[in-house]
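# any chance you could fold what I've pasted below:
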Amino acid sequence: MKIFLPLIVVAVGCFIFGCSEMRTADIPAVENFDLKRYCGKWYEIARLPNWFERGMSDVTASYSLLPDGSVKVINRGIRHGKTVVANGSGRFAGKSGQGELEVSFQWPFWSGYRVIWLNADYSIAAVCGDRMNYLWILARTPEIPLNELDIVIDFLRNCGFAVDKLEYTGHEKSSIETNTAF
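Residues are numbered from 1 along each chain as shown. A predicted model of the protein is given here:
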């Protein structure tokens, strides 16, 4: 019994802390989502802090549709003057026509990727994960007008995201030395 007690304590702790993080399941994905239009290069404008992008600038995400309907995902950024690349894949996770996907950068683990805000011309998007601490504002260009950014931020604030903690991503197009993994 002594050996199982620590395991039980760890399991209960993981359950409690896992459940205590606010989830995004009640925030709907965009409707009439066209994956073909969404594919291409996106610049990260802002993000909530996360461990895998700590210290990164010039972050982009590129999506391309594969013949089997899955999505090739390439995330790039610069950390300490070097290019950091993460290759992954994506797939639809919700109903047809919804911006509800899953992404994986390490098989067999998949994470939620929900497009929750998208302007009509597919030039600015807001994306969240399964939990409220994963949020990104993306755009087709490295900068967007402040009035458009304010519209997205107001929407995200109304969804309950901690927009006061957003980190704004610099895009300086600095020189790249070598490739490393995220």
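
# Leu156 belongs to a helix, doesn't it?
Yes: the assignment for Leu156 by DSSP: H, G, I helix; E, B strand; the rest coil puts it in a helix.

# pretty sure it is touching Trp117, no?
Yes: the criterion here is Cβ atoms under 8 Å, and Leu156 meets it with Trp117 at 7.3 Å. For every residue, glycine as well, the C-beta is placed using N, CA and C.

# okay, these two: which has more neighbours?
Neighbours were counted for Leu156 and for Trp117 using other Cβ atoms under 10 Å; Leu156 has more, 22 against 19.

# quick one, what contacts that one?
Trp117, Ala126, Leu135, Ile137, Val163 (Cβ atoms under 8 Å, 6 or more residues apart in numbering).

# returning to what we had before: overlap of the contact sets of Leu156 and Trp117?
Residues touching both Leu156 and Trp117 by Cβ under 8 Å, 6+ apart: Ala126.

# same list (the contacts of Leu156) but as TSV, adding distance to Gly170 and secondary structure.
Output for the contacts of Leu156, formatted as TSV (distance: Cβ to Cβ, whole Å; DSSP: H, G, I helix; E, B strand; the rest coil):
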residue	distance to Gly170	secondary structure
Trp117	22	strand
Ala126	19	strand
Leu135	18	strand
Ile137	14	strand
Val163	19	helix
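
# and the helices in the protein?
Listed in chain order, the helices of the chain (DSSP state H) span 4-20, 35-38, 146-159.

# what about this structure, any weak spots by pLDDT?
1-21, 173-182 (pLDDT under 70).

# Lys41 reaches Val73, doesn't it?
No: using Cβ under 8 Å, Lys41 is not in contact with Val73, being 11.7 Å away.

# please identify every residue contacting each of those two.
By Cβ under 8 Å, 6+ apart, the residues touching both Lys41 and Val73 are Ala61, Ser62.

# more neighbours, the two?
The neighbour count for Lys41 versus Val73, taken as other Cβ under 10 Å, is higher for Val73 (19 against 14).

# need the contact list for Arg91.
Residues in contact with Arg91 (Cβ under 8 Å, 6+ apart) are Gly69, Ser70, Val71, Leu101, Glu102.

# ok, the fourth one to Ala29 distance?
Yep, that's Leu101 we're talking about. 8 Å (Cβ to Cβ, to the nearest Å).

# now do the third one
Using Cβ to Cβ, one obtains 15 Å as the distance from Val71 to Ala29.

# over to Ser64?
Distance of Ser64 to Ala29, computed by Cβ to Cβ: 20 Å.

# who's more crowded, these two?
Using other Cβ under 10 Å, the more surrounded residue of Ser64 and Ala29 is Ala29, with 23 against 11.

# lovely, talk soon.
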